[in-house]
Each structure stands twice: as structure tokens, then as C-alpha cells.
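**Q** sequence first, then the predicted structure:
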Protein chains: 2
Amino acid sequence: MSLRYALLGFISTEPASGFDLAREFGESMGWFWYASHSQIYPELRRLEDDGLVASTEVTGNPGKQKRIYRITERGEAELQTWLEQPTEYAPMRDVERVKLVFLDGAPVEVIRRHLEDHRKHHEDLLAIYTQQLGELHRGVFPRLVKRLASRPESARELITGLKILAMKGNIDRARTEIGWAEDALSWLEGIQ
Amino acid sequence: MSLRYALLGFISTEPASGFDLAREFGESMGWFWYASHSQIYPELRRLEDDGLVASTEVTGNPGKQKRIYRITERGEAELQTWLEQPTEYAPMRDVERVKLVFLDGAPVEVIRRHLEDHRKHHEDLLAIYTQQLGELHRGVFPRLVKRLASRPESARELITGLKILAMKGNIDRARTEIGWAEDALSWLEGIQ
DNA sequence: GAACCCATGTAAGTTGTTACATGATTGA
DNA sequence: TCAATCATGTAACAACTTACATGGGTTC
């Protein structure tokens, strides 16, 4: 159910094509909700069937056909209702943790490699998040700029603040994972 | 693919019935990998078809029928292979974050309620994790006791250490989320 | 002409959820 | 006898993944 609202939220900032959305949900928006294009295109059609978005075929650039979706009033209303409802937290499913607790029969180097990969993974994420936080602060993050333009001046502080908050949350998480992996690696040094 | 290995890992400690596994994957093991009984029963049958586990029908207690699964040699080998392979990290899908970034049109109280719920959710988790960490340290955590009994003495430090590590990771995460929510709530105070 | 990006889709399969269904035992 | 716990399953559906499929435009 969440993909439709993530799409709706995105479209509420600015009309977009399936391709635009697929790009964002694989990249920047992917830092909150990942989705592939094969999931997005059918969902957009369903959203249109339900009257939450409306589309127009654009043949602007020579030959290029493109379907642009914009949010409807009903879409705005449904999105708002969903946003305000309490969140149902997804059950935990953590492959890396499952591996870790059962790795007690493996050589220590294997465990070390896992922990190093874990650290690396979150260091890579941290680098991206940090860069994006900078862009948010400098007011050059494209999605932020567009949202500010489409909303009343009075919402300015909230719009910027909430995006910064969300990004900071990602940064906190990444740092926590890195710190944990480092502690784990030092502990592992003393083993054997 | 991960459910089967989580089940296999679990069974590698001690033979178990579908019901046992369903209980654990909904409770303590659920803190690493949640699964419902309707997913577990068919998966156990498939594991048996593939020769990774073997089962025996037990009619011990009067009337009660129960199928106990134990791991096979092939199962042990496949589990070990999977454990040692690098982890593929699941794409991010965070409903709460999606809500937050689009909540800029909602009243501040709604945002506050979301953040308070978030803090509460992770405080509840933290309480459970903290209790379980205590049990691990005191050596009374049932799964730890069973695993120690089924493995060579030399693996003792690793078995205990890895479980403590995993639980500490959960605690770190919970604390991070709580801290983030509190910072967010203070920031929200200054808004309006 | 090859490689790459834009652009949109479908099909088959896997994984996970929710609800339905059954039946025995235990304890209040 | 009523509720709870033990115990195992199936069915329908929703969500997600991977692979297949097509075609135009741009750039080297």
C-alpha cells in the first residue's frame, strides 16, 4: 500500500512521468523508498483508474512519447489522510544479523569480512546522505526547490526542516552502523 | 531466499517443530527475522523436499501430533555456504520517513504525534532488547544455552559474543531512533 | 554502426500477508 | 463449558523481483 502513497507524495510536488519516478525511486527517493520501474508503471495506471492522478500524453520533443501524471483533488485528499494515520511499522527482517548470529562455526576472517562489508556499505550511504544534507542546507536540492515553489511561503520552514530531519535520520543510522561495526571489529581482534 | 536459511540456522541449534519455529520467528528470533506460521510450514516442507532437513512425526504426549525437523548434513553444508557469502542489502523502504517528508501540509500536532509514536515504538523495542542482552550476559537466554550445548567448547566465546554483538546492534539502533526523535521534537517546538 | 540514454510496458516467478479451517489438550 | 494454548495446514491475495521486449534519439 505504501508505494502508491510514496508515488502520490512525489507527484504532489510536481507532475511527473513514470520514467521520472522510476529514476527518483531508484536514486534519491530510493533513500526512503526504493521501487523498480516495473512496479511503478502499473501502479500509476491503477492510481489513474482510482482517480487519484490524471495523465496527459506529451509528444513534445520530436517523436518522444511520454505520459505525465499529475495529482487530482481526490488524490491530494487521500494522500493527506494516509499521511496523518499512525504508521504501521514493518516487521524486522535483517539478513546480515541472521548471518552474524549463526556464523559461530566460521573462521574469524569470514566474520571480519562480513563486518568490514557492513561498515563499507554504511560508509558509502553516509557519503551520499552527507552530500544531500549539504544540498538541502544550501537550498540547491532539486526536489526541495520544487516543493518550496509549489507550496505557500508560510510552509517554507516546515518543508525544509522536515527534509533535513529525514536526511539527518539516515545519517544517524549510517553512523550508528559504522560505529557498531567498528566496535565489533575491535572485539573480534581479541578473539581466538 | 533468506527465510529458508533463517529456519535452517535455527534448526541447526536444535531440532524443532513448525510450531516452535513459528513462536520464535514471531518473538525472540522475530527481532532479527519475522515470519508467520503460514509461511513457515510450507517452507519446512520444501526444505525437506530438498533434503536440507528431515522430519519425524512425534505422537509423544497423548493425542498431540507434532512434526520435528532436524538438519541434515547437506543442510549444514548449504547453510554454511550461505552464511559465508557476502550479504545483499535489502533496498530501503521506510514508511515513516516517507510520511515525514510529505507531512509539510499537516498541522504541527500531527507531526508531533508521529514523532512521539516513533520514539515510543523504539523505546518499547529498547526495553525488550535490553532485557535480552541481560539474559545473554547472565547466560540464561534459552537459545544461547542450547547452542552452547550443541557446539564444541572452543566455540563458546564466539557463540556468546556474536549473539551479544547482534543484540547490541539492535540496542544501538533503538537508541539512535529515540535520540533522533527527541531532537526532532525539540526542533518542532521552535516551529509555527 | 555501436553504445547509451530516454521511455514504457508485460510476464513469470517469489515472497509475504490475511483470512479461513480444523482439532486436541489443559485449566478455570 | 468456555477460553486459552498447542499444533498444522490451505487459499486468496498483495507486493516485489527478474527477465524479456520494444523503439526513438543522441553521440562518438
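**A** That came through fine. Numbers count the residues shown, from 1 in each chain, chains lettered A, B, ... in the order given.
**Q** would you mark the buried spots in the longest helix along chain A?
**A** In chain A, taking DSSP state H as the definition, the longest helix is helix A:156-189. For helix A:156-189, burial by neighbour count (16 or more other Cβ atoms under 10 Å in any protein chain shown) applies to A:158-178, A:180-181, A:184, A:188. Bear in mind the C-beta positions are built from the backbone N, C-alpha and C, glycine included.
**Q** just stretch A:12-31 next, same as before
**A** Going by 16+ other Cβ under 10 Å, stretch A:12-31 has these buried residues: A:12-18, A:20-25, A:29-31.
**Q** which ones among those residues map onto strands?
**A** A:16, A:17 (DSSP state E).
**Q** of the buried residues of stretch A:12-31, which pair is most distant in space?
**A** A:15 and A:31 (22.1 Å; Cβ to Cβ).
**Q** nearest to the spatial middle of chain A, which residue is it?
**A** Centroid-nearest residue in chain A, with Cα atoms, centre = their mean: residue A:32, separated by 1.9 Å.
**Q** grab the nearest non-local neighbour of that residue.
**A** residue B:97 (4.5 Å; Cβ to Cβ, 6 or more residues apart in numbering or on different chains).
**Q** which residue ranges form the strands in chain A?
**A** Going by DSSP E, chain A shows strands at A:16-17, A:53-58, A:66-71.
**Q** save the ones you listed as CSV, and put in mean pLDDT and distance to residue A:86 too.
**A** Formatted as CSV, the strands of chain A follow (pLDDT from 0 to 100; distance: least, Cβ to Cβ, whole Å):
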stretch, mean pLDDT, distance to residue A:86
strand A:16-17, 96, 28
strand A:53-58, 94, 25
strand A:66-71, 96, 23
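**Q** got JSON lines for those, with distance to residue A:77 too?
**A** Converted to JSON lines, those look like this (distance: least, Cβ to Cβ, whole Å):
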{"stretch": "strand A:16-17", "distance to residue A:77": "19"}
{"stretch": "strand A:53-58", "distance to residue A:77": "13"}
{"stretch": "strand A:66-71", "distance to residue A:77": "10"}
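**Q** out of the ones you listed, which gets nearest to chain B?
**A** strand A:66-71 (11.4 Å; Cβ to the nearest Cβ).
**Q** hmm, who's touching that closest one?
**A** Strand A:66-71 has contacts (Cβ atoms under 8 Å, 6 or more residues apart in numbering or on different chains) with A:8, A:11-12, A:15-19, A:44, A:47-48, A:52-60, A:79.
**Q** which members of those residues additionally contact DNA strand C?
**A** Residues of the contacts of strand A:66-71 in contact with DNA strand C (Cβ under 7 Å from any atom of the strand): A:17, A:18, A:19, A:44.
**Q** relative to DNA strand D, how far out is the second one?
**A** Same thing as residue A:18. Residue A:18 sits 12 Å away from DNA strand D, going by Cβ to the nearest atom of the strand, to the nearest Å.
**Q** correct me if wrong: that residue contacts residue A:37.
**A** Yes - counting by Cβ atoms under 8 Å, residue A:37 is a contact partner of residue A:18 at 6.8 Å.
**Q** so how far is the first residue of stretch A:16-32 from its last?
**A** Distance across stretch A:16-32, first residue to last, is 18 Å (Cα to Cα, to the nearest Å).
**Q** off-centre distance for it?
**A** 9 Å (Cα atoms, centre = their mean, to the nearest Å).
**Q** ok, the spatially closest residue to residue A:185 that is not a sequence neighbour - how many residues close by?
**A** Once flanking residues are discounted, residue A:185 sits nearest to residue A:115: 5.2 Å by Cβ to Cβ, 6+ apart. Around residue A:115 sit 21 other residues, with neighbours defined as other Cβ atoms under 10 Å in any protein chain shown.
**Q** quick check: residue A:115 touching residue A:187?
**A** No - using Cβ under 8 Å, residue A:115 is not in contact with residue A:187, being 9.5 Å away.
**Q** before we move on, the earlier item: export the ones next to DNA strand C among the contacts of strand A:66-71 as CSV, with columns for distance to residue B:138.
**A** Formatted as CSV, these follow (distance: Cβ to Cβ, whole Å):
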residue, distance to residue B:138
A:17, 58
A:18, 55
A:19, 56
A:44, 54
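**Q** and the furthest pair within these?
**A** Largest pairwise distance in those, by Cβ to Cβ, is 10.7 Å, between A:19 and A:44.
**Q** any idea how far apart the tips of stretch A:88-99 sit?
**A** 26 Å.
**Q** is it positioned near DNA strand D?
**A** No - Stretch A:88-99 stays clear of DNA strand D (Cβ under 7 Å from any atom of the strand), getting no nearer than 8.5 Å.
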